[in-house]
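*Asks:* Need coordinates for the below:
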Amino acid sequence: MTFNSKFKKLLTSITLVSLVALAGCNHNDDDEMVVIEPPPPTPVVYTYEVIVTNLTHAQPMSPIAVVLHNEGQLWQLGQSASSSLEMLAESGDNTAVLADAIAIAAQGGAGILASGMQETITLSITDNMPMMLSLATMLVNTNDAFTGINAMEISDLIVGESISIQTSSYDAGTENNSESMMTIPGPAGGGEGFNEMRDDVDFVAMHPGVVSQDDGLTQSALTQAHRFDNPTLMVMITRVE
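*Replies:* Residues are numbered from 1 along each chain as shown. Below is the predicted model of the structure:
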């Protein structure tokens with residue numbers, strides 16, 4: 001066999017091996033790459049327990065409204081009350097406050113909170129850490145007195161940690177403090193609740209307290225028993241989850 005013949009035979013063998021190797025490496029461009037997705041993150045739940053105690057002698061509290069939010073306030077001293085706060089402060093109706101635009105979560109109390117009684121309200125929210133908590137309720141044997149917590153910072157609370165606060169009372173400034181039977185919606189009067197007409201100073205202020213018939217206000221449906229001093233509520237907030 002000549003050198004040329006041997007070279008051609010070797011070249012042919014190399015070519016055949018190369019073709020076989022390429023055939024073995026062939027793949028379908030239509031095959032999709034398998035990607036293993038990481039599991040979704042576990043949802044983070046923020047849960048708060050709010051214990052409210054009525055400290056007054058004879059002022060039942062309307063159904064409580066508790067709101068978690070990241071901006072805004074339910075009221076500002078010296079500023080006109082919102083219509084939702086007016087409704088709560090005059091009639092005890094918490095519906096509009098619970099539906100307020102600032103709320104990212106809200107929960108109402110079970111009903112009237114009588115003097116000396118306590119109620120626990122629990123709120124939960126997922127994947128959205130609340131920055132603030134607000135609470136509002138009406139002193140129902142008044143014209144438009146309310147009490148509560150306004151935009152209290154809670155973002156630093158860790159699980160198991162609590163904050164306690166005693167609340168003062170405010171005058172919504174939307175209804176004159178006549179104390180008359182026709183205008184007191186609570187059991188002392190049984191009169192009108194919310195009235196959209198505003199006949200007072202039209203700004204929120206600290207409440208001066210009630211006068212009562214025992215102190216010379218003859219038209220008053222209230223007695224000394226309905227007087228109240230600050231604080232009016234004790235509130236304990238605990239992050240439980």
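*Asks:* all strands for this protein, in order.
*Replies:* Applying DSSP state E to the chain gives strands spanning 45-54, 65-69, 103-108, 118-126, 132-138, 145-153, 162-167, 169-171, 205-206, 233-239.
*Asks:* quick one: which of those is nearest Pro185?
*Replies:* strand 132-138 (8.3 Å; Cβ to Cβ). No exception for glycine: its C-beta is placed from N, CA and C like everyone else's.
*Asks:* quick one: low-confidence parts of this protein?
*Replies:* Along the chain, segments meeting pLDDT under 70 span 1-31.
*Asks:* residue contacts, Thr142?
*Replies:* 59, 177, 179, 184, 186, 207, 210, 226 (Cβ atoms under 8 Å, 6 or more residues apart in numbering).
*Asks:* The last one touches Pro60, doesn't it?
*Replies:* In other words, His226. No - applying Cβ atoms under 8 Å as the test, His226 and Pro60 come out as separate, 10.1 Å apart.
*Asks:* how about Thr56, what does it touch?
*Replies:* Neighbouring residues of Thr56 by Cβ under 8 Å, 6+ apart: 115, 139, 228, 232.
*Asks:* buried subset of these?
*Replies:* Listed as buried from the contacts of Thr56 are 139, 228, 232; burial here means 16 or more other Cβ atoms under 10 Å.
*Asks:* Hmm, Pro60 and Phe228 touching each other?
*Replies:* No - taking contacts as Cβ under 8 Å, Phe228 lies outside contact range of Pro60: 11.3 Å.
*Asks:* Report the buried residues of stretch 180-189.
*Replies:* Neighbour count says stretch 180-189 has 180, 183-186, 188-189 buried, by 16+ other Cβ under 10 Å.
*Asks:* cool, and stretch 170-177?
*Replies:* If you call a residue buried by 16+ other Cβ under 10 Å, then stretch 170-177 has these buried ones: 170-175, 177.
*Asks:* ok, now stretch 65-81?
*Replies:* Buried, per 16+ other Cβ under 10 Å, within stretch 65-81: 65-69, 74-75, 80-81.
*Asks:* Kindly indicate which of those lies nearest Met131.
*Replies:* Once Cβ to Cβ is applied, the member of the buried residues of stretch 65-81 that ends up nearest Met131 is His69, at 7.3 Å.
*Asks:* what's around the closest residue to that closest one other than its chain neighbours, how many residues?
*Replies:* Spatial nearest neighbour of His69, excluding adjacent residues (Cβ to Cβ, 6 or more residues apart in numbering): Ile102 at 4.3 Å. If you count neighbours by other Cβ atoms under 10 Å, Ile102 ends up with 16.
*Asks:* Might one say that Ile102 is in contact with Ser82?
*Replies:* No - contact criterion Cβ under 8 Å: Ile102 and Ser82 do not qualify, at 10.2 Å.
*Asks:* Quickly list what's touching both of those two.
*Replies:* Common neighbours of Ile102 and Ser82 (Cβ under 8 Å, 6+ apart) are Leu74.
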